[in-house]
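>>> this one's structure only:
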């Protein structure tokens, strides 16, 4: 009954009800007093959450994980780890996350349902979700991995790069200001700054293939479906709509011209 001063159903009433119904009632000692505290408002809920996170942080440090500030980590799921991992402040783990040995994670990162290989470094302000990162990769700062990304060992994903549903091969580099979607990148590939894979035609998604050793110049648009051959070079500023042959330079650009023109003057 909730006929009481608080107008609530008391959990303690369950004991009398159980005895009255003939159940065997025993005493169970909680591992911590926190486990038996009540929650009646958002402040109490937040306090218990902090206590829970503090216990997780203590367990991580006891297992050999370095936490730059144990008061500023949130594990909102399962976190499994290898040896000698380092986690900076304000890192959030959601879902099922697995870290290999010697993984370093910078501040303000979010990892959701991730697998991260040995020796990988994740710089500050990265958001990584439902993907696999191989060993010795470098990610960030300010990088985003959307679901179904696979980075093979030694791959590098730099600042302001977004990748989704793509494979990035051994030692390949996607360093700056790039969107890679629905793409298979081979090994030893360099993707120049400002490159975009144009994977969506308004109705369907299409894949791009970039073979081993290719070099994609800055500010390139690869209009899928398209293939860049092994060892191919794409000139900066190109819009590639057809397959680029292996070991060739492919570019699309208008000839630079200078015309007799004067900038209008500002009115005072």
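In hand now; what should we look at? The structure displayed is predicted, hence computed values, not measured ones.

>>> and stretch 123-139, average pLDDT?
Here stretch 123-139 scores 99 as its mean pLDDT.

>>> can you tell me the distance between the two ends of it?
Terminal residues of stretch 123-139 lie 6 Å apart, using CA to CA, to the nearest Å.

>>> swap in stretch 199-208?
Terminal residues of stretch 199-208 lie 7 Å apart, using CA to CA.

>>> ok, now which ones touch the residue lying closest to residue 57 once chain neighbours are set aside?
With CB to CB, 6 or more residues apart in numbering as the criterion, residue 57 has its nearest non-adjacent residue at 3.8 Å, and that residue is residue 70. Bear in mind the C-beta positions are built from the backbone N, C-alpha and C, glycine included. Each residue near residue 70 by CB atoms under 8 Å, 6 or more residues apart in numbering is listed here: 54, 57-58, 60-61.

>>> Return the member of those nearest to residue 156.
Distance from residue 156 was checked for each of the contacts of residue 70 by CB to CB. The minimum falls on residue 60, at 27.4 Å.

>>> buried stuff in the helix or strand in which the closest one is found?
Residue 60 is part of helix 42-62 when elements are defined by DSSP states H and E. Residues of helix 42-62 classed as buried under the neighbour-count rule (16 or more other CB atoms under 10 Å) are 53, 56-57, 60.

>>> pLDDT added to those, as CSV?
Listed next are these as CSV, based on pLDDT from 0 to 100:
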residue, pLDDT
53, 96
56, 97
57, 98
60, 98
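
>>> per-residue pLDDT, the residue nearest to residue 57?
The model reports residue 70 with a pLDDT of 98.

>>> what's the answer for the one 5 residues further on, then?
At residue 75 the predicted local distance difference test score is 98.

>>> And the nearest residue to residue 107 once chain neighbours are set aside, its phi and psi?
The spatial neighbour of residue 107 that comes closest, neighbours along the chain excluded (CB to CB, 6+ apart), is residue 88 at 4.2 Å. With angles defined as degrees, to the nearest 10, residue 88 sits at phi -80, psi -170.

>>> Residue 88 against residue 122, yeah?
No: here residue 88 lies out of contact with residue 122, judged by CB atoms under 8 Å, at a distance of 9.5 Å.

>>> what residues do these two have in common as contacts?
Joint contacts of residue 88 and residue 122 (CB under 8 Å, 6+ apart) are 105-106, 109.

>>> From those, list just the buried residues.
Taking 16+ other CB under 10 Å as the criterion, what is buried in those is 105-106, 109.

>>> Which stretches in the stretch 1-150 of the chain count as strands?
Shown for the stretch 1-150 of the chain, the strands assigned by DSSP state E, counting those that start in this stretch span residues 66-67, 73-80, 86-87, 91-99, 104-105, 110-112, 115-116, 121-122, 127-129, 132-133, 138-139, 143-145, 150-151.

>>> Would you convert the shared contacts of residue 88 and residue 122 into CSV that also reports distance to residue 200?
Output for the shared contacts of residue 88 and residue 122, formatted as CSV (distance: CB to CB, whole Å):
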residue, distance to residue 200
105, 31
106, 31
109, 28
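
>>> re earlier: contact partners for the residue nearest to residue 107?
By CB under 8 Å, 6+ apart, the contact set of residue 88 is 68, 105-107, 109, 124.

>>> one more time with 7 Å
Residue 88 makes contact with 68, 105-107 under the criterion CB atoms under 7 Å, 6 or more residues apart in numbering.

>>> Need the distance between the two termini of stretch 144-156.
Chord length of stretch 144-156, first to last residue, is 12 Å (CA to CA).

>>> Could you list the buried residues of that stretch?
When burial is assessed from 16+ other CB under 10 Å, stretch 144-156 yields the following buried residues: 144-146, 149-156.

>>> Start and end of stretch 249-256, how far apart?
By CA to CA, the extent of stretch 249-256 from end to end equals 19 Å.

>>> Tell me the buried residues in that stretch?
Applying a neighbour-count criterion of 16+ other CB under 10 Å, the buried positions in stretch 249-256 are residue 250.

>>> distance between that stretch and the chain's centre?
The gap between the average C-alpha position of stretch 249-256 and the chain average comes to 36 Å, counting by CA atoms, centre = their mean, to the nearest Å.
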